[in-house]
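Engineer: After the sequence you'll find the predicted model.
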Amino acid sequence: MPEPRENREERVNRELIELLNEVRVALPGVQVLFAFLLAVPFAQRFEDVTNLQRDAYLVALIGTMLGSLFLIAPTAHHRIRFRDPDKESVLMLANAFTIVGTVFLALSMTAVVFLVTDLLFKGLFTAVVTSVTAALFTVVWFVLPLVQRTNR
């Protein structure tokens, strides 16, 4: 919502700054997850993982890489198009990239939860914890904001 006495250009500038600040919050989590995933194959127990666990690891690794790519993209676009007069197109693309990056981050974190719980507990516990994790990401990160948006 526009601030009082804020023209279109000021609104776009403010919204772009807000978006870039929001991305800064997500990036440390993505970086820590990626570092963890890079170290996992070098752990002694990694040789003993099942094919399903190996697949979950690959989903988490690739998802984290894609999440990083899309979450960092708004900063790269902003830097390259810094003095571009059409900041609104930068904002719209950055917003889409951030949402896509968040989807990949949720997928990756769910895959990591599956991998760790399956390594430690297996069976029903893994299924329940992974399902609850996926449901929480879906509801808290995506469904609630969309419901609030449509209820305005």
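Structural biologist: Received, thanks.

Engineer: can you count the residues close to L61?
Structural biologist: Residues contacting L61 under the criterion other C-beta atoms under 10 Å number 19. No exception for glycine: its C-beta is placed from N, CA and C like everyone else's.

Engineer: now swap in F34 and tell me
Structural biologist: The number of residues packed around F34, counting by other C-beta under 10 Å, is 17.

Engineer: Ok, F137 next?
Structural biologist: Around F137 there are 19 residues (other C-beta under 10 Å).

Engineer: thought it was touching V103?
Structural biologist: No: counting by C-beta atoms under 8 Å, F137 stays clear of V103, with 9.0 Å between them.

Engineer: With the flanking residues excluded, which residue is spatially nearest to L27?
Structural biologist: What sits nearest to L27 in space, not counting adjacent residues and going by C-beta to C-beta, 6 or more residues apart in numbering, is L71, at 5.9 Å.

Engineer: was I right about the one you found contacting T98?
Structural biologist: Yes: L71 is within contact range of T98, at 6.5 Å (criterion: C-beta under 8 Å).
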